[in-house]
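**Student:** What would the 3D arrangement of this be:
(one chain, ligands or ions: 2)
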Amino acid sequence: MKKIGILFGQERSFPEAVIERINQKAEKDITAEAVKIDKMFQNAALGYAVIIDRISQDVPFYRASLKNAAITGTAVINNPFWWSADEKFFNNALAEQIDIPVPKTALIPSREHPTGTTGESFSNLTMPLNWDAIFEYTGFPAYMKPYDGGGWRDVYKLHDKEDFFHKHAETKQLVMLLQEEIIFEEYFRCYCIGGKHVRIMQYEPRNPQHLRYAVDKPASSQKLLKTIEEYTLKLCNYLGYDFNTVEFAVRDGVPIAIDFCNPAPDADIKSVGQENFDWVVETTANYAIERAKAQKDGQDNLTWGEYIKASVGGMPLNAKTTTAKKVIAPKATSTKADAKVAQVKAPAKPKATKK
Ligand SMILES: Nc1ncnc2c1ncn2[C@@H]1O[C@H](COP(=O)(O)OP(=O)(O)O)[C@@H](O)[C@H]1O
Ligand SMILES: [Mg+2]
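**Tutor:** Numbering: from 1, shown residues only. Ligands and ions are numbered 1, 2, ... in the order given. The predicted structure is shown next:
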């Protein structure tokens, strides 16, 4: 019997639904459950063929446990080593190298010294930094956000340099990105599962949270959706994520990747809506089963991205496309023939209010 385990925190709708769906499928010798841990010994297998990780970003004990699970043969979704190494600034640098448009972005040292350091620890930083060059590069308005953030925490829109210095002082020990603002006409959030299944969702980040997936007009063109799908696959394959979301702001018809380091993306039925939820549950269940079948004891069963593979192989990181094996087109709810994008119908009332 091969077990698929889900490791999760406070979320309730998604983990239960995935467990139930896998078990409903009644695949021979495959079963799913919530991961159970009552002790953790080095090099001792936990007994799972696959673990879907939804929480180790917040619980370092889990992250270390998952690395131990990985070395003892578990296929961990997502790769805990890569997730530990990755952050948004690196993501942007990689995106530029593989020809995916991203906003101009600068890395900003934390306002306060990291615990255990003093001014003496920063022998290599020129103080003050060349703020004029940084502000000229990104322009204003600009966005400032943690280099490894998520869930909209500590995201600021800044109007000028006084605003920057004022808000930066609030961020204490956080290392921040300062980023060009993309003024967009459309915005998309895309699930990508297994580096091959893509669900493009129209998204309106200026709406209150419960209405962000409620966009009541179709995407502007099929060509745009095709490009978004290609970029999503390429980013996730180069990074090596099994489960991720990629966000794009579209400016003058060009999709610009804003946020693509989301290895435990929101999948709550209350925020994503019933149709997106059904898709993400079904696709996760199928993919976890696929990984369980492919899992072999006594070897590494993780996914490694093209970036790492190129490094290990001593190859240049070129823009070789890791093409989709399969892209699931979400069922269009719009009557427009070309609307492949997932649309969640906005309720008639209350009307989505813009911030
Ligand atoms: N460079 C940008 N230009 C325009 N809007 C942005 C930019 N960066 C972030 N935002 C807005 O802020 C929201 C949160 O930022 P994001 O980068 O997605 O961080 P998080 O990982 O916390 O979700 C985005 O959904 C988007 O609406
Ligand atoms: Mg985001």
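
**Student:** helix/strand/coil for Gln57?
**Tutor:** Gln57 falls in the coil class when you classify it by DSSP: H, G, I helix; E, B strand; the rest coil.

**Student:** distance of it from ligand 1?
**Tutor:** Distance, Gln57 to ligand 1, using CB to the nearest ligand atom, to the nearest Å: 11 Å. Heads up, the C-betas are built off the backbone N, CA and C, glycines and all.

**Student:** Just give me the neighbour total for the spatially closest residue to that residue that is not a sequence neighbour.
**Tutor:** Of all residues beyond its chain neighbours, the one nearest Gln57 is Ala264 (5.9 Å), with distances taken as CB to CB, 6 or more residues apart in numbering. Burial measure for Ala264: 24 neighbouring residues, criterion other CB atoms under 10 Å.

**Student:** list the contacts for Ala264?
**Tutor:** Ala264 makes contacts with Asp53, Arg54, Ile55, Ser56, Gln57, Asn78, Phe243, as judged by CB atoms under 8 Å, 6 or more residues apart in numbering.

**Student:** who in the protein is up against ligand 1?
**Tutor:** Within the chain, the positions adjacent to ligand 1 are 103, 143, 145, 149-153, 155, 179-182, 205, 247, 249, 258-259 by CB under 6 Å from any ligand atom.

**Student:** Whichever of those residues end up buried, select them in PyMOL.
**Tutor:** Applying 16 or more other CB atoms under 10 Å to the residues of the chain next to ligand 1 leaves a buried subset, and the PyMOL line that selects it is:
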select buried, resi 103+143+145+149+150+179+180+181+182+247+249+258+259
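
**Student:** re earlier: what's the closest of the contacts of Ala264 to Gly116?
**Tutor:** Minimum separation from Gly116 among the contacts of Ala264 (CB to CB) is found for Gln57, which lies at 22.7 Å.

**Student:** Can you tell me how far Ile289 is from Ile193?
**Tutor:** Relative to Ile193, Ile289 is positioned 12 Å away (criterion: CB to CB, to the nearest Å).

**Student:** neighbour-wise, which of these two wins?
**Tutor:** Ile193 (23 against 20).

**Student:** Please name the nearest non-neighbouring residue to the more buried one.
**Tutor:** Once its chain neighbours are removed from consideration, Ile193 has its nearest residue in Thr283; the separation is 4.8 Å (CB to CB, 6+ apart).

**Student:** what's the answer for Pro316, then?
**Tutor:** Spatial nearest neighbour of Pro316, excluding adjacent residues (CB to CB, 6+ apart): Ala310 at 6.9 Å.

**Student:** one step back: burial of the residue nearest to Ile193, as a residue count?
**Tutor:** Close neighbours of Thr283, defined as other CB under 10 Å, add up to 21.

**Student:** what's it in contact with, if anything?
**Tutor:** For Thr283, the contacting residues are Tyr191, Ile193, Gly194, His197, Arg199, Ile328, by CB under 8 Å, 6+ apart.

**Student:** Farthest-apart pair in those residues, please.
**Tutor:** Of all the pairs that these form, the one spanning the most space (CB to CB) is Gly194 and Arg199, at 11.9 Å.

**Student:** Tell me which of these two has more neighbours.
**Tutor:** For Gly194 versus Arg199, the count of surrounding residues by other CB under 10 Å is larger for Arg199: 24 against 21.

**Student:** which helices and strands does the lowest-mean-pLDDT helix or strand in the chain pack with?
**Tutor:** Using mean pLDDT, DSSP states H and E, helix 269-272 stands out as the lowest-scoring helix or strand of the chain, at a mean of 94. If contacts are counted by 3 or more CB pairs under 8 Å, 6 or more residues apart in numbering; DSSP states H and E, helix 269-272 sits against helix 13-25.

**Student:** Now the element after the helix it packs on, going C-ward?
**Tutor:** Per DSSP states H and E, the first helix or strand lying C-terminal to helix 13-25 is strand 30-34.

**Student:** now the closest residue to Asp58 other than its chain neighbours: how far from Arg21?
**Tutor:** Distances taken as CB to CB, 6+ apart place Gly9 nearest to Asp58, at 6.3 Å, with adjacent residues excluded. According to CB to CB, Gly9 stands 20 Å off from Arg21.

**Student:** rewinding a little: have a look at the contacts of Thr283 and tell me the least confident one.
**Tutor:** Among those, Ile328 carries the weakest pLDDT, at 43.

**Student:** all helices of the stretch 201-350 of the chain, in order?
**Tutor:** Ranges of helices in the stretch 201-350 of the chain, per DSSP state H, counting those that start in this stretch, are 222-239, 269-272, 274-294, 306-312.
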